[in-house]
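Student: Got a predicted structure here, sequence first:
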Amino acid sequence: MFGGSKIKVDKELLEKVKKYSAIAGYSSPEEFVKHVLEREISKFEESGESEEEIRKRMQGLGYIS
């Protein structure tokens, strides 16, 4: 998955990924995760925000400290 890199997610989240990737018709949970990440990254790229603005927004949302 992810070109040889591994990303850890908790068991509960992994079960949700498996469930919703199957419901949505993805061929695998990995394909679903890749699609979701690509979509979210494109939002940042299209926003035109600087790295500092993105960092502040992510901190405000509680994603990073």
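Tutor: Right, received. Where do you want to start?
Student: What is the burial count for residue 62?
Tutor: 7 (other Cβ atoms under 10 Å). Backbone N, C-alpha and C define where each C-beta goes, glycine included.
Student: For it, pull up the helix or strand it's in.
Tutor: Taking DSSP states H and E as the definition, one finds residue 62 inside no helix or strand.
Student: Then residue 33?
Tutor: Applying DSSP H and E, one finds residue 33 within helix 29-47.
Student: what angle sits between the lowest-mean-pLDDT helix or strand in the chain and helix 29-47?
Tutor: Within the chain, no helix or strand scores below helix 51-60, which has a mean of 83 by mean pLDDT, DSSP states H and E. Helix 51-60 runs at 120 degrees relative to helix 29-47, counting by axes from the mean of the first three to the mean of the last three Cα atoms, to 10 degrees.
Student: quick revisit: can you spell out which helices and strands pack onto the helix holding residue 33?
Tutor: Contact here means 3 or more Cβ pairs under 8 Å, 6 or more residues apart in numbering; DSSP states H and E; on that basis helix 29-47 packs against helix 11-23.
Student: All set, thanks.
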